[in-house]
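1. Sequence and predicted structure, then a few things I'm wondering about:
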Amino acid sequence: MPTLTPAALTDYVARIFTAAGTPEADATLVASHLVDANLMGHDSHGVIRVERYVRDMQGGRIVPGQPVRVERETETTAVIDGGWNFGQVVAERTMAIAIEKARAYGVGIAVAHQCGHVGRVGAYGEQAAAEGMIGIAMVNNHGGGQVMAPPGGRERRLSPNPIVVAFPTPDADAPFLLDMTTSVVAEGKVRLARNRGDQLHEGWVVDAEGRPSTDPAAYYGPPAGAILPLGGDSAHKGFGLALVVEALAGALSPAGTSRAGGPSGGNGLFTMAIDIAHFRPVGEFASTFGALIDYVQSPPLAAGFDRIVIPGEPERWARAARSEGVEVDDETWRQIQETAAGVGVPPFVS
């Protein structure tokens, strides 16, 4: 299992994307997003995606270099056509537009379609929080790429439909970051377990007959199984949130909602920025919320616990632990090396 410095891994992945036909600046941006996901502990959205992204480029499902175009806008809203460019390129620009509008009018909402896979959705919440704003983002799978069965069903009908909410705290380097899927697990984590030869946690997936399984092969099939909604015995809650995401990221944009035959490999995207300064000074907001964090983390603690964890903390701990090197499992590394060779990039040399 190789361990690479973040800089070396980013450079290598960027060279692969550039060789496959991506403009150099965009290749570096996408590579940085993927490696950052690994650094934050979200390996399911990290460099494991390199092989799939290059395959999608070769199949025309990602069109690098396409302009990101504003189709329609008002002072506070925008509809973006991503031209099937890389999702990271489209999503950064879409959130930037929402931020620009929020700075002028207090709130900005931008939705995007024809957008490739955006990667770790939390990055776009962080983008707004870094500007002293509340950032909200969510994606569906542009109508295709269904992985999740509804409660009581056994066939796939929805995508994982992740949601992020982020805002500043008194520590500028530690924003609140709620980054979650409405399914009990992201499909990428199932793929990661398959690559590593691991079993799944109970309650993550069912097989094609609707029976619980811990085998990744039961999910992928054939015949294919399904991931379950978030919530276990209360899965109706995760299912309800997934439908909300379909409405905001799918129905509100031209991407559309989950449906038979919908395009796979991309995301319908909803972004929203709220400029706190239009309501009260950012420092006052951060201080008020910071006091809440201190309060909920204060003792007494339940037996077996040494602290109460706030959303965003696990990602920061992972970044600190991985800052000197990112481990890549052997199967993912094999796929990356094979992909590199296919586009004429020499093997990685440490």
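-> Perfect, I can see it now.
2. List the contacts of Val13.
-> 30-31, 34-35, 47, 50, 336 (CB atoms under 8 Å, 6 or more residues apart in numbering). In this view, the C-beta of every residue, glycine as well, is placed from N, C-alpha and C.
3. Inside helices: which ones of those?
-> Of the contacts of Val13, the ones assigned to helices by DSSP state H are 30-31, 34-35, 50, 336.
4. for the residues you listed, which one is nearest Gly240?
-> In terms of CB to CB, no member of those lies closer to Gly240 than Leu34, at 31.0 Å.
5. what about the strands in this protein?
-> Residue ranges of the strands in the chain, as given by DSSP state E, are 3-4, 69-73, 77-85, 107-116, 133-140, 163-167, 176-180, 205-206, 212-213, 226-227, 266-275, 326-327.
6. Give me the sheet partners of the fifth one and which way each runs.
-> Strand 133-140 sits in its sheet next to strand 163-167 (antiparallel), strand 266-275 (antiparallel), going by DSSP bridges.
7. And these: which comes nearest Val107?
-> When the strands paired with strand 133-140 are ranked by distance to Val107, counting by CB to CB, first place goes to strand 266-275 at 5.3 Å.
8. Just the angle for that closest one relative to strand 107-116, thanks.
-> Relative orientation of strand 266-275 and strand 107-116, computed by axes from the mean of the first three to the mean of the last three CA atoms, to 10 degrees: 160 degrees.
9. just how off-centre is the worst-scoring helix or strand of the chain on mean pLDDT within its chain?
-> Among the secondary structure pieces of the chain, namely its helices and strands, helix 187-196 has the lowest mean (mean pLDDT, DSSP states H and E), a mean of 89. How far helix 187-196 lies from its chain's middle: 15 Å, per CA atoms, centre = their mean, to the nearest Å.
10. just stretch 170-178 next, same as before
-> In terms of CA atoms, centre = their mean, the centre of stretch 170-178 is found 18 Å from the chain centre.
11. that older thread, among the ones in helices among the contacts of Val13, the buried ones, what's the PyMOL command?
-> Applying 16 or more other CB atoms under 10 Å to the ones in helices among the contacts of Val13 leaves a buried subset, and the PyMOL line that selects it is:
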select buried, resi 30+31+34+35+50+336
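12. Out of the strands paired with strand 133-140, which one sits most buried?
-> Of the strands paired with strand 133-140, the one with the most neighbours on average (mean count of other CB atoms under 10 Å) is strand 266-275, at a mean of 28.
13. List the contacts of the residue nearest to Leu248 when sequence neighbours are not counted.
-> With CB to CB, 6 or more residues apart in numbering as the criterion, Leu248 has its nearest non-adjacent residue at 4.3 Å, and that residue is Phe270. Residues counted as contacts of Phe270 (CB under 8 Å, 6+ apart) are 109, 111, 136-139, 245, 248-249, 252-253.
14. mind running it again at 10 Å?
-> Shown in contact with Phe270 (CB atoms under 10 Å, 6 or more residues apart in numbering): 94, 98, 109-112, 136-140, 163, 244-245, 247-250, 252-253, 255.
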